[in-house]
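Trainee: Below are the sequence and a predicted model for it; my questions follow.
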Protein chains: 2
Amino acid sequence: MSSAAKDIAPSAPKTARGARTRARILKAAEDTFGTLGYHRAGISDITRAAGVAQGTLYCYFSGKEEILRELVRDMGHKVRAHLAASVIGARDRLQAEELGLRAFLEYVSANPSLYRVLQEAQFVDEAIFREYYEAFGKGYMRMLADATRKGEVRPGNDEIRVWALMGMSNFLGLRFALWDQDRSFDEVVATISDLFRNGLALDGKEKA
Amino acid sequence: MSSAAKDIAPSAPKTARGARTRARILKAAEDTFGTLGYHRAGISDITRAAGVAQGTLYCYFSGKEEILRELVRDMGHKVRAHLAASVIGARDRLQAEELGLRAFLEYVSANPSLYRVLQEAQFVDEAIFREYYEAFGKGYMRMLADATRKGEVRPGNDEIRVWALMGMSNFLGLRFALWDQDRSFDEVVATISDLFRNGLALDGKEKA
DNA sequence: AAGAAACCTGATTCAGTTGTCATATTGTGA
DNA sequence: TCACAATATGACAACTGAATCAGGTTTCTT
């Protein structure tokens, strides 16, 4: 598993052609992992989809796991960029939550493979999975803390809240963006927004 | 993969000894999947842990996947029983949520293997994973609807809410019961309870 | 156009896995 | 005690799929 020469990543491509091939392999892996799952997908499935020979894959990646790691990193960048852009211009934190949730659902819907890959990474390389959510959570916590300072959000334990919020998004994405789109994103966002603004309980706030 | 005789499950044990052996294998599989993960765990790892020969496993299960399915069903029963028991005597829905969340965190903490197995089942046999959450969600929705009728909970889309709530529990379990217990369950429960009672926003309810 | 560097090939190797089956053991009812 | 049915064994045949590498092809530079 760690035979010295196995773990070091092959050199990066030096020409445009190489970069193109590497990118083709990555895209093919995303599709293949997305439809077949990481374990069912063989190297030969990926290289066939990419239209290259088996050995070519090892010019750019040390193996299957490194491809997965690369894809998770990719997903991290893309999701964060998409959400950050979606939230620009939000009036307050609550509206930012609405915009962010909608953007997340849209992202999952448009990139089902990457989303699946991320979830599966949990069981292939837990470290990179945690890294993703801890990075995500850190930024999220900062935003909540800011919002609390501005008086938009009740004070509370933001670390716990952030994990709760990420869990919500995760399951809503799974159910309403990946599995069945039988509820409009509007309806999902509205329901969660109501939870954030008013809680679940019918009786009023303890302190207004 | 589906060679006719492969899918039919071997007959159930006819004697107490057989039942005992079957149970030993199941427990060993739970532990082995829990520590190594489903894919890294080999049949030989399971049978070694159970103290039986390789062939014995095939007396009771058609293969690795069937063991996983059995474990997920098991987890479903146990979690539901544990939560149902924990919620008895709750004054209202909000208190039931508190009790239920705490019971869930305790269950995960006490049964990390089963929890991991459930999550991993998503990528081995998605149907049984969905089955678990849809069954869970159905009961949950009924309880929310009852609570709404009693005036304990704001009216809203309970299907969406339930998936959000399950997602919260799932991530809180992962982070604070499975990975690091650096927050007491009390603190987690209190934070989420505050969210349910008062929302995230500082300003008051739209309708009291 | 020659030479060099980067890139690509794919049959083959090989470590590891599952599932089988002929045989042995155990327990039970008559 | 004997017969026989259920249970258990474990060596191994058959298979899988990741990774290799010796050699071929393309592209770039001068």
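Mentor: Here it is on my side, so go on.
Trainee: measure residue A:127 to DNA strand D for me?
Mentor: 18 Å (CB to the nearest atom of the strand, to the nearest Å). To be clear about C-beta, it is placed using only N, CA and C from the backbone, and glycine gets the same treatment.
Trainee: Quick check: which element contains the one residue in chain A that gets nearest to DNA strand C?
Mentor: DNA strand C sits closest to residue A:55 of chain A, with a gap of 1.6 Å, by CB to the nearest atom of the strand. Assigned by DSSP states H and E, residue A:55 belongs to helix A:54-60.
Trainee: got the buried residues for the helix or strand just after that helix?
Mentor: Helices and strands here follow DSSP H and E; after helix A:54-60, the next one along the chain is helix A:64-87. For helix A:64-87, burial by neighbour count (16 or more other CB atoms under 10 Å in any protein chain shown) applies to A:64, A:67-72, A:75-76, A:79, A:82-83, A:86-87.
Trainee: circling back to that earlier point, is there proximity between the helix holding residue A:55 and DNA strand D?
Mentor: Yes. Remark: helix A:54-60 sits within contact range of DNA strand D at A:54-55, A:58, by CB under 7 Å from any atom of the strand.
Trainee: Other residues contacting that helix?
Mentor: Contact partners of helix A:54-60, identified using CB atoms under 8 Å, 6 or more residues apart in numbering or on different chains, comprise A:10, A:12-13, A:18, A:21-22, A:25, A:43-44, A:46-47, A:50, A:67.
Trainee: What residues sit buried inside that helix?
Mentor: Going by 16+ other CB under 10 Å, helix A:54-60 has these buried residues: A:56-57, A:60.
Trainee: for DNA strand D, what are the nearby residues on chain A?
Mentor: Counting by CB under 7 Å from any atom of the strand, the residues of chain A close to DNA strand D are A:5-6, A:15-17, A:40-44, A:54-55, A:58, A:63-64.
Trainee: let's see 10 Å
Mentor: Neighbours of DNA strand D within chain A, by CB under 10 Å from any atom of the strand: A:1, A:3-7, A:10, A:14-18, A:36, A:38-47, A:53-59, A:61-67.
Trainee: Quick check on the residues you listed: which are buried?
Mentor: A:38, A:41, A:43, A:45-47, A:56-57, A:61-62, A:64, A:67.
Trainee: hmm, back to that, now distance to residue B:142 and pLDDT too, for the buried residues of helix A:54-60, in a markdown table please.
Mentor: Below are those laid out as a markdown table (distance: CB to CB, whole Å; pLDDT from 0 to 100):
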| residue | distance to residue B:142 | pLDDT |
| --- | --- | --- |
| A:56 | 55 | 93 |
| A:57 | 51 | 94 |
| A:60 | 52 | 92 |
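Trainee: In the record's domain split, what are the boundaries for chain A?
Mentor: Per automatic domain parsing, the domain ranges recorded for chain A read A:16-62, A:66-198.
Trainee: Those: lowest mean pLDDT?
Mentor: Per-stretch mean pLDDT for the domains of chain A is lowest at domain A:16-62 (a mean of 92).
Trainee: Now the terminal residues of that one, how far apart.
Mentor: 20 Å (CA to CA, to the nearest Å).
Trainee: so how far is it off the chain centroid?
Mentor: Its chain's average C-alpha position is 20 Å from that of domain A:16-62, according to CA atoms, centre = their mean, to the nearest Å.
Trainee: Is it correct that residue A:202 is in contact with residue B:154?
Mentor: Yes. With contacts counted by CB atoms under 8 Å, residue A:202 reaches residue B:154, the gap being 5.3 Å.
Trainee: Just give the number of residues close to residue A:116.
Mentor: 21 (other CB atoms under 10 Å in any protein chain shown).
Trainee: Please identify the helix or strand for it.
Mentor: Going by DSSP H and E, residue A:116 is part of helix A:112-121.
Trainee: List of residues touching whichever helix or strand comes after that helix?
Mentor: Following helix A:112-121 in sequence order, the next helix or strand is helix A:126-149 (DSSP H and E). With contacts defined as CB under 8 Å, 6+ apart, helix A:126-149 is touched by A:68-69, A:72-73, A:75-76, A:79-80, A:92-93, A:96, A:118, A:121-122, A:153-156, A:158-159, A:161-163, A:165-166, B:179.
Trainee: so, if you compare the buried residues of helix A:54-60, which one comes nearest to chain B?
Mentor: residue A:57 (20.2 Å; CB to the nearest CB).
Trainee: Next one: the closest one from residue A:118, what distance?
Mentor: To residue A:118, residue A:57 is 21 Å away according to CB to CB, to the nearest Å.
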